[in-house]
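S.K.: Here's my sequence, what's the structure:
(one chain, ligands or ions: 2)
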Amino acid sequence: MTSKHPTDLPPSHTPKPSRGQTTIRAILAVGGGLTLVVLGSLAVDYGLAPSWLTGQKPVATAAAEDGSGLFTPPDESTIPDDQFGQSVRRGMAIFNDTGTNAHDFVGNDLSCSNCHLDAGRQAYSAPMWAAYPVYPKYRSKNKMVNTMEDRIKGCFTYSMNAQGSPSGGPPPYGSDVYRDLQAYFFWMSQGLPIGKKQEGAGFGKIDKPAQEPSRERGKEVFAANCAVCHGADGLGQKDRNGKQVFPPLWGPHSYNWGAGMHKVDAAAAFIQHNMPLSQPGKLSTQEAWDVAAFIDSHPRPNDPRQVGGITVEDALKKWHHSHDGFYGQTIDGVLLGTGFPAENQAAAPAAAGDSSGG
Ligand code: HEC
Ligand code: HEC
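M.R.: Ligands and ions are numbered 1, 2, ... in the order given. As a prediction, this is how the structure comes out:
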């Protein structure tokens, strides 16, 4: 082998904050409701968008900069210039713009990197460098050993709502989509030991709230901290070319009722560590739980396992009884879990019996 092998690469360096990110921080520091709303919508027009959109350099997490010992994945510029590197780059492109690069299998307006931030690099947003070395892994959720391919399939099925995609389901086993994504994760995790749980894996822990999470308080938290980017209606914002800049949190183009993020505890942990964007830790523990309850009590595409006449009541008993979520409850007069009439519910064969979440 004459080309550079990943393990021969120079030690990775800490990326510098990008211009766009610095500006977003500055804007957010301005404070004041009205200013934020105005500048927030300007952010879409003036390119103050996340790095996946602008192609700017990834930003190190605050935690990584303070010497906390978190793993720093290798810099993109060190992807080798050979066929392996081409697969890594294709995987990265799928991860960051899934609807374009894995078009046939995406049934909503999300990309992998919307929940696994900074192209899957950011600690406490279930980073791919922490995930790759711990698979195959037994998951009590679907009571089987999951390969990395199984796990990615789970995120396509639920988080990416593959039932509403052009093909009607997630990529079939053996698809190059899995091959390239795994090449990307493998490259990103180089140097980490196999099978060892890393600090920064998953969404991290969040303390229990002092009070029961409240949708009403969550609504206030949302208006003050989230609506500026995700929209007052939670449906996200697109730029003038129709490109999604801020992803939808609920509604027909967001994650479905089988996704991990529909669980209030998972969303609360994600939010506390990652949102508002570039200000992780801004919300108190209580606020994170309250706003998670608010988001996850809105309608979204139905659970793809709910086929063949399975009612919301059946599905509640079968899959949702132990979940910290609103599935099957009637909120503001709407029974949650019925999905949207227009969506394709016919074809989700690969999803049947699979509860791998994600
Ligand atoms: C709506 C948010 C969302 C989107 C979009 C999403 N995921 Fe996930 N993903 C999750 C959640 C939630 C988990 C579970 C996190 C945990 O275990 O704490 C997860 C877990 C994973 C894991 C396992 C992580 C681990 O540490 O075991 C992998 C791998 C993964 N996702 C890949 C993907 C890929 C690839 C895509 C795009 C095709 C994607 N995800 C899209 C929310 C999402
Ligand atoms: C400065 C803009 C901004 C603010 C403010 C903000 N977000 Fe986000 N949020 C984003 C972006 C951008 C992403 C996607 C991340 C990426 O692709 O890098 C995201 C992703 C998310 C996701 C996962 C993707 C999805 O659509 O479900 C959730 C959940 C979320 N944000 C919740 C919140 C909550 C709750 C708040 C308020 C406490 C908030 N956000 C405030 C910009 C923002």
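
S.K.: tell me the contacts of the residue nearest the centre of the chain?
M.R.: Centroid-nearest residue in the chain, with C-alpha atoms, centre = their mean: residue 115, separated by 1.6 Å. By C-beta atoms under 8 Å, 6 or more residues apart in numbering, the contact list for residue 115 reads 125-126, 159, 255, 261, 270. For the C-beta atoms, the positions are set from N, CA and C on the backbone; glycine is no exception.

S.K.: Which residue comes closest to residue 287 once chain neighbours are left out?
M.R.: Spatial nearest neighbour of residue 287, chain neighbours left out: residue 221 (4.8 Å); criterion: C-beta to C-beta, 6 or more residues apart in numbering.

S.K.: Go ahead and confirm residue 230 touches residue 250.
M.R.: No: contact criterion C-beta atoms under 8 Å: residue 230 and residue 250 do not qualify, at 9.4 Å.

S.K.: that older thread, which members of the contacts of residue 115 occur in strands, if any?
M.R.: Taking DSSP state E, every one of the contacts of residue 115 sits outside strands.

S.K.: check those against ligand 1, which are close?
M.R.: 126, 159, 255, 261 (C-beta under 6 Å from any ligand atom).

S.K.: Could you pull up the residues touching residue 92?
M.R.: Contacts of residue 92 by C-beta under 8 Å, 6+ apart are 76, 79, 119, 184.

S.K.: Can you say which of those are buried?
M.R.: Neighbour counting with 16 or more other C-beta atoms under 10 Å marks 76, 79, 119, 184 as buried within those.

S.K.: Which member of those residues is positioned nearest residue 246?
M.R.: If you rank the buried ones among the contacts of residue 92 by distance to residue 246 using C-beta to C-beta, residue 119 comes first, at 17.1 Å.

S.K.: so what's the backbone phi/psi at the closest one?
M.R.: phi 60, psi 30 (degrees, to the nearest 10).

S.K.: right, and it touches residue 96 too?
M.R.: Yes: between residue 119 and residue 96 there is a contact at 5.5 Å, judged by C-beta under 8 Å.

S.K.: sec struct for the closest residue to residue 219 other than its chain neighbours, please.
M.R.: In this structure, residue 219 finds its nearest non-sequential neighbour in residue 294, 5.3 Å apart by C-beta to C-beta, 6+ apart. Using DSSP: H, G, I helix; E, B strand; the rest coil, the structure places residue 294 in helix.

S.K.: Now do residue 294, the pLDDT please.
M.R.: At residue 294, the model reports a pLDDT of 98.

S.K.: Likewise for residue 280?
M.R.: pLDDT, residue 280: 89.

S.K.: doesn't residue 274 make contact with it?
M.R.: Yes: contact criterion C-beta under 8 Å: residue 280 and residue 274 qualify, at 5.4 Å.

S.K.: which residues do these two both contact?
M.R.: residue 124.

S.K.: neighbour count winner among those two?
M.R.: Between residue 280 and residue 274, counted using other C-beta atoms under 10 Å, the more crowded position is residue 274 (23 against 20).

S.K.: which residues does the more buried one contact?
M.R.: 117, 122, 124-125, 203, 280 are the contacts of residue 274 under C-beta under 8 Å, 6+ apart.

S.K.: which among these are in contact with ligand 2?
M.R.: Filtering those for proximity to ligand 2 by C-beta under 6 Å from any ligand atom leaves residue 117.

S.K.: so which of the contacts of residue 274 comes closest to ligand 2?
M.R.: residue 117 (4.8 Å; C-beta to the nearest ligand atom).

S.K.: Quick check: the gap between the closest one and residue 322.
M.R.: From residue 117 across to residue 322, the span is 28 Å (C-beta to C-beta, to the nearest Å).

S.K.: did I read that right, residue 138 in a helix?
M.R.: No: counting by three-state DSSP, residue 138 is not found in a helix; it is strand.

S.K.: Please look at it and residue 147 and confirm they touch.
M.R.: No: in this structure, residue 138 is not within contact of residue 147 by C-beta under 8 Å, at 11.2 Å.

S.K.: who has more neighbours, those two?
M.R.: Taking other C-beta under 10 Å, residue 138 and residue 147 do not tie; residue 147 has more neighbours (15 against 10).

S.K.: contacting residues around that one?
M.R.: Contact analysis of residue 147 by C-beta under 8 Å, 6+ apart lists 135-136.

S.K.: circling back to that earlier point, quick one, which of residue 117 and residue 322 is more surrounded?
M.R.: Remark: of residue 117 and residue 322, residue 117 carries more neighbours, 26 against 7, as counted by other C-beta under 10 Å.

S.K.: Does that one touch residue 126 like I think?
M.R.: No: counting by C-beta under 8 Å, residue 117 stays clear of residue 126, with 9.1 Å between them.

S.K.: Just give the number of residues close to residue 231.
M.R.: Residues lying near residue 231 (other C-beta under 10 Å) number 18.
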